[in-house]
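[1] starting from these lines, generate the structure:
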Amino acid sequence: MKYTKYAFIVLIIFIFVWSVYGEEKLKPLNVRVALLDISRADGDDKSSIEFLALRRIFNVLGIPYDILIDTSKMSNYKVVYSGGALTNAVLSSKNINAIYDYVEDGGVFVSAGEVGSRFNPLFGIKHRLPGRRRYRLTFTGNDDSLRYINHPSEQTISLGNGEKHFYDEVIWSHGYQLTGEAEQLAIFDDEITGFSVNLYTRGKTYLFGLSYTESVLRPQIGEDYEAQRRYVNSFEPSADVIMLILKAIYESNVTPFVYLSTSPYSRSTALILSHDVDAQTSFVDSLKYADLEHKYGVKSTFFVNTKYFVDWMDIDYYNIKENVQAIRELKRRGWDIGSHSVSHYKMFSLVPEGDPGVTFKSYDPVNQVTVQGEVRVSKELLDRDIPDQTTKAFRASGLEFPNELIKVLEEAGYLYDSTFSANDVLTAFPFRALGERHLGSPESSILEIPVTLDDSMGYLTAGSVDRAVEAWIEIAMANMENEAITVLLVHPSDTRIKTYKLEAQEGLMKEILKLGGWIGDLTTFGEFWNDRDNIEFKTYMDDSGTLVIEIDRSRTDLNPMIGFVVEKSQAVKRIKVRDSNGSFLNYSDIERNGKLWLGTQAGLK
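    Coordinates of the predicted model:
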């Protein structure tokens, strides 16, 4: 009894000492970068569209950042990315000097687009040559910023006229003639520098000849001068390359780096399964795809076309009792149901917006198809006919994208859209859609999750299964290397007595699971991404090499799919994740490609 009493006292003292001194050993570790808002730094009331484009890039990448408008605070960061043109007239002499001082003291400064002559020494340039007749940018060299650029489609990216020459003038580009000190890292097709690095005293500068607005944001509204080299079923990373270079600069200069994983549970990649149910036989045969997916413990999204009228294209298959019963059965089993419009109109991108007050009773698609009618009435029918259904995801017929689509989806209560082709927007990453399809439109709440792989238009046939699956795997693996995702679209049609589509999907699924990837439906992935968008975290390190990631929410409010990626370095001996209450969470890590991937133990593989 006496020894038990002493042991208890010793334990209490140990807990007290650890709580007082153990926590004191943890020191704040700054793994954040600064995004310098050029417009506001010099007194403007609001940010420029270029800064919006830059901020969106870092939101997608999951790299932690602070928005900076005071140039005197740049010294707190190892890397500063500027958002806005560095023209002579934009910044005051005070701010220009502050940027020079930051680099001279050892900072890394990254800029894009137009640069005025007052910055020529900083970037090592002689002259700027703007233009709109450059169609390709080719990367060369061994700089750390190019560590992700290893695929032929990454080594040369498209700025316009991907398949054919449609336009003489495409996006704005800025070519630069360099001094002897700067190094060329990319060259336009007119043989002038499009990306460079310059060592300036103790620091370093990078300069893109493309603005983020033109190279990343413009493609996301589908206004990229037909830059895609193929529409679908190929690897098209032209916008992703810009983002990956920014990420590589971060990883090369912030150590240890920490950022949010782009895949659920920090898996190696994510494959989103989706099906467009838009033919007479597709409804009942959808159950065969659910059976296949159940076999592997995964689920998918079925985008259902609610065609309830007869026209020259097809019958009213949504009125067939067994078809609706099949969709109800999918929902009962736990599969995700989205909308694929009412009419499946082939020229949906050209229809008028219509009346936002439209309902099933008032809609007349035989005489006039509208965006409002297709979006609202399809949701009304699905929510009416399927128990416990709240339709959140939409895919337009024929992947046609009306200018008003996002605005209408948002007003109608949707959360996710998967209409754009990933090739068409030049990115395999999800992104927050703009409210309307023009630069300057505000961001919406709709998450766009673009389609990467598609079985339609004769691409997948009974005779092409092996070839198609091989190509799909190659594309998915290229996306995996970039930590991007892949969205598969398979139509359940032509499956009544044939199995080739099921075989193709299974072949891709097996390979993704073998690679340690996550497979699931679009809405579940969208929920993960939305939660990821709202996560903030701080990092700490103690003298023993313990890295602590502190999340800004409690265990009960945290989506367990949220994960992190941390540099594998000798300085980091162990990693812990704790919530806002100080409770340590059940995270573990796995090494891939020289990085440590942290996920909840239930989901990490």
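[2] does Tyr345 touch Val369 like I think?
    Yes: using Cβ atoms under 8 Å, Tyr345 is in contact with Val369, at 4.7 Å. Any C-beta I mention is one placed from the backbone N, CA and C, and that applies to glycine too.
[3] quick check: neighbours shared by the two?
    Common neighbours of Tyr345 and Val369, counting by Cβ atoms under 8 Å, 6 or more residues apart in numbering, are Val351.
[4] just checking, Ser261 touches Val565?
    Yes: with contact defined as Cβ under 8 Å, Ser261 and Val565 form a contacting pair (5.3 Å).
[5] spell out which residues are contacts of both of the two.
    Residues touching both Ser261 and Val565 (Cβ under 8 Å, 6+ apart) are 62, 483, 597-598.
[6] domain parsing of the chain, as residue ranges.
    The record's domain split for the chain, according to automatic domain parsing, is 33-260, 264-529, 530-600.
[7] possible to save these as CSV with mean pLDDT and mean neighbour count?
    Formatted as CSV, the domains of the chain follow (pLDDT from 0 to 100; neighbours: other Cβ atoms under 10 Å):
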stretch, mean pLDDT, mean neighbour count
domain 33-260, 96, 20
domain 264-529, 97, 20
domain 530-600, 96, 16
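[8] out of those, flag the one nearest Leu26.
    domain 530-600 (4.1 Å; Cβ to Cβ).
[9] what's the span of the closest one from first residue to last?
    18 Å (Cα to Cα, to the nearest Å).
[10] how far is it from where the chain is centred?
    Domain 530-600 sits 21 Å away from the centroid of its parent chain (Cα atoms, centre = their mean, to the nearest Å).
[11] the stretch 401-550 of the chain: strands as residue ranges?
    Using DSSP state E, counting those that start in this stretch, the strands of the stretch 401-550 of the chain run over 416-417, 431-434, 443-448, 453-454, 485-489, 518-520, 537-541, 546-551.
[12] now these in a markdown table, with distance to Tyr200?
    Putting the strands of the stretch 401-550 of the chain into a markdown table (distance: least, Cβ to Cβ, whole Å) gives the following:
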| stretch | distance to Tyr200 |
| --- | --- |
| strand 416-417 | 44 |
| strand 431-434 | 33 |
| strand 443-448 | 35 |
| strand 453-454 | 45 |
| strand 485-489 | 38 |
| strand 518-520 | 43 |
| strand 537-541 | 29 |
| strand 546-551 | 32 |
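[13] per-residue pLDDT of Lys25, please?
    Turning to Lys25, the model gives it a pLDDT of 85.
[14] again, but for the one 4 residues further on
    In this prediction, Leu29 carries a pLDDT score of 96.
[15] would you confirm that Ser444 contacts Glu404?
    No: look at Ser444 against Glu404 with Cβ under 8 Å: they stay out of range, at 11.6 Å.
[16] so what does the nearest residue to Pro560 once chain neighbours are set aside look like in phi/psi?
    Among residues not flanking Pro560 along the chain, Thr600 sits closest, at 4.6 Å (Cβ to Cβ, 6 or more residues apart in numbering). Main-chain dihedrals, Thr600, degrees, to the nearest 10: phi -60, psi 140.
[17] mind listing what Thr600 touches?
    Contact analysis of Thr600 by Cβ under 8 Å, 6+ apart lists 265, 560-561, 563, 585-588.
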